[in-house]
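Q: A structural model of the following input is requested.
(chains A and B)
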Amino acid sequence: MRTYVKDLKNFIGETVSISGWIDVRRDQGKMIFLDFRDMTGVVQGVILPNYTDTLEVGKTLRKEFAVKVEGKVNKRPERNIKEGILNGELELEILDIKVLAEAAPLPFDISLSGYNLELTTELDNRAIVLRQPKIQAVFKVEETVIDSFREFMKENLFFEFQAPSMVPATAEGGAEVFQIDYFGKKAFLSQSPQLYKQIVMSAFERCFTVNKVFRAEPSSTTRHLTEIVSLDAEMAFIDSWTDVRDMAENTVKHILKRVEDKNSEHLKLLGVELPIMIDKTPTLSLREVQQKIFDKFGRDVRGEKDTNAQDEREICEIIKEETGSDFVFIYGYPTKKKPFYVYPNPDEPEYNEGMDLICRGVEWLSGGRRINESKQLEEHVKLWNMDPSKVKMFLEAFKYGVPPEGGFAFGAERITMQLLGLKNVREACMFPRDMNRIDERLTDEGY
RNA sequence: GCGGUCGUAGCUCAACUGGUUAGAGCACUCGCCUGUCACGUGAGAGGUUGCCGGUUCAAGUCCGGUCGACCGCGCCA
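A: Model prediction:
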């Protein structure tokens, strides 16, 4: 019967069997200390001087050997108690060790304190690095982000569906897409489930999807990947785009709360403070944002059709100072600058009711109200120079009574990156794909 | 795609304005060590300084090219 390392405190005085990896070996000559790590934690084991056979085995053990250990759970002598760590008050008196698998010498230090790699080394050695506690912490936080998104959506009666990854034509026209050979014909990898979630919304009222999307942007930056996890939501029967904003805000709030609750140990390990979302997240129009940047920094971006990276950093700085919020919603972009389905403000049709949520200078989420009227939608398709036959199924959905609606989407990797203050989105993605890497580095000669 | 910075041991880094045999920590190998917890300690092994060419009495260091990395911008959600 296997005992998990985290439960050892319930077995003081008893003999147990644990399985795990050797974290560290500290060889004292006549006695050997071994730290064992399983998925639940770490415990110190000791081979005492009178176990001569086991000591022989102990001499041959190295880091990361997978082992099965029989031992007696003892309270530590008073002077050897380590405060504040798991199993600091106990240790395992090792009776027998069976090697399940030997490990080659590690190419670098993966211990908690010794780990220090360049990003490219980290990615070139992903399989090994995944054993490092801080790296594991990042992905456990990401797991919570995705779980809690799903959880909040379901609490609010959103229906989860699976969006397709292979699509017939570019959905929005904007971003670059990957073309695939589809039985000798052209198909594409989906860059967004946008049109599908609107179709599903038209029948299910509220829906969401967690799925992979692909972008062939030739963008080599700290926040672009070619394959990302998109968290998408869409809801019908809204009164205003602000209903969508509120839902987005509450979703993010829920995610922050869950991460705080479930990952406190991981956050501590990574030494990060979560961004602060105040009760009512400040909401500004694009023009208000540009005016504020002008007033504060004297940099005139008034009249620009969108925010750039510097604008986003500066407006976050201003809002943080004014309100304490790390988040800000920006709405009211030039209609022509956004996709065809975004709803134009009826009072001022050259501006739309699309919105972005910016946090600490980086975009987290985008969304807004969509056009729900069939005729207006068809007009926009023409105005955007799109071929109506390419979005036939989409347009059809809107012919049969679709109420005012909207939605939002965000990237799981970017959120994780931002939550944890990571400098590069690749750190928030277990197997990142970018222009120069698909697990292996891509070169002109190979692959 | 453009610009900046960089490329030295398995990993992380050092080597002042060009100047002896390119160093350190960790990891690795062989010893010593009965309370360590990043154990300590003695010794050893490990390098075509990314690659190609050039300048110079002399190049890790300077120049040109090339490949690669990181950062910023552009593009993009």
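Q: All the helices of chain A, residue numbers only.
A: Read by DSSP state H, chain A holds these helices, from start to end of the chain: A:52-60, A:119-124, A:126-129, A:133-155, A:194-204, A:241-262, A:264-270, A:286-297, A:309-323, A:374-383, A:392-397, A:412-419.
Q: residues in contact with the longest one?
A: When you say that, I think you mean helix A:133-155. A:112, A:115, A:122, A:129-130, A:160, A:208, A:210, A:229, A:231, A:233, A:250-251, A:254-255, A:257-259, A:262-263, A:265-267, A:269-270, A:412-413, A:415-416, A:419-420, A:422, A:427-428, A:430 (CB atoms under 8 Å, 6 or more residues apart in numbering). Just so you know, the C-beta spots here come from the backbone N, C-alpha and C atoms, and that holds for glycine as well.
Q: which of those come close to RNA strand B?
A: Judged by CB under 7 Å from any atom of the strand, the overlap between the contacts of helix A:133-155 and the neighbourhood of RNA strand B is nil.
Q: Show the buried residues in the residues you listed.
A: With burial judged by 16 or more other CB atoms under 10 Å, the buried subset of those is A:122, A:129, A:208, A:210, A:229, A:231, A:233, A:251, A:254-255, A:258-259, A:262-263, A:266-267, A:269-270, A:412-413, A:415-416, A:419-420, A:422, A:427-428.
Q: residue ranges with poor pLDDT in the stretch 101-250 of chain A?
A: Applying pLDDT under 70 to the stretch 101-250 of chain A flags the ranges A:170-175.
Q: give me every residue that touches A:Met404.
A: One thing to correct before we go on: residue A:404 is Pro, not Met. For A:Pro404, the residues meeting the contact criterion (CB under 8 Å, 6+ apart) are A:Ala236, A:Phe237, A:Ile238, A:Asp239, A:Arg369, A:Asn372.
Q: Which of those ranks first by neighbour count?
A: Within the contacts of A:Pro404, neighbour counts (other CB atoms under 10 Å) peak at A:Arg369, which reaches 26 neighbours.
Q: what sits opposite that one in the beta ladder?
A: For A:Arg369, the beta-bridge partners are A:Gly406 (DSSP bridges).
Q: thought it was touching A:Met247?
A: No - with contact defined as CB atoms under 8 Å, A:Arg369 does not count as touching A:Met247 (11.8 Å).
Q: And for A:Phe158, the neighbour number?
A: Close neighbours of A:Phe158, defined as other CB under 10 Å, add up to 24.
Q: Show me which residues of the stretch 301-447 of chain A sit near RNA strand B.
A: For the stretch 301-447 of chain A, the contact set with RNA strand B under CB under 7 Å from any atom of the strand comprises A:306-310, A:356, A:363, A:366, A:409, A:411, A:423-424, A:426, A:436-437, A:441, A:443-444.
Q: Put the buried members of these into a PyMOL selection.
A: When burial is assessed using 16+ other CB under 10 Å, the buried subset of those is captured in PyMOL by this command:
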select buried, chain A and resi 307+356+363+366+409+411+426+437
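Q: Where strands are concerned, which of the residues of the stretch 301-447 of chain A next to RNA strand B count?
A: Taking DSSP state E as the definition of strands, those contribute A:Asp356, A:Glu363, A:Ser366, A:Ala409, A:Gly411, A:Arg437, A:Arg441.
Q: Where is pLDDT lowest across those?
A: Scanning these for pLDDT, the smallest score is found at A:Arg441, 78.
Q: Please give me every residue in contact with that one.
A: For A:Arg441, the contact set (CB under 8 Å, 6+ apart) comprises A:Asp124.
Q: ok, back up a step: let me know the closest of the ones in strands among the residues of the stretch 301-447 of chain A next to RNA strand B to RNA strand B.
A: Within those, distances to RNA strand B taken as CB to the nearest atom of the strand reach their minimum at A:Ser366, with 3.0 Å.
Q: That closest one against A:Met355, yeah?
A: Yes - in this structure A:Ser366 lies within contact range of A:Met355 using CB under 8 Å: 7.0 Å.
Q: shared neighbours, those two?
A: What both A:Ser366 and A:Met355 touch, as defined by CB under 8 Å, 6+ apart, is the set A:Phe408.
Q: As a markdown table, the contacts of A:Pro404 with distance to A:Met153 would be great.
A: As requested, those are exported to a markdown table (distance: CB to CB, whole Å):
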| residue | distance to A:Met153 |
| --- | --- |
| A:Ala236 | 14 |
| A:Phe237 | 16 |
| A:Ile238 | 16 |
| A:Asp239 | 20 |
| A:Arg369 | 19 |
| A:Asn372 | 21 |
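Q: Show me which of those is closest to RNA strand B.
A: Out of the contacts of A:Pro404, the one with the shortest distance to RNA strand B is A:Arg369. That distance is 14.0 Å, counting by CB to the nearest atom of the strand.
Q: give the contact list for the closest one.
A: A:Arg369 makes contact with A:Ile238, A:Ser240, A:Trp241, A:Val244, A:Val342, A:Tyr343, A:Glu353, A:Gly354, A:Pro404, A:Glu405, A:Gly406 under the criterion CB under 8 Å, 6+ apart.
Q: re earlier: out of the helices of chain A, which is the most enclosed?
A: For the helices of chain A, ranked by mean neighbour count under the definition mean count of other CB atoms under 10 Å, the leader is helix A:412-419 at a mean of 24.
Q: What's the mean pLDDT across it?
A: 92.
Q: Domain ranges for chain A, per the record?
A: Listed by automatic domain parsing, the domain ranges of chain A are A:5-101, A:126-441.
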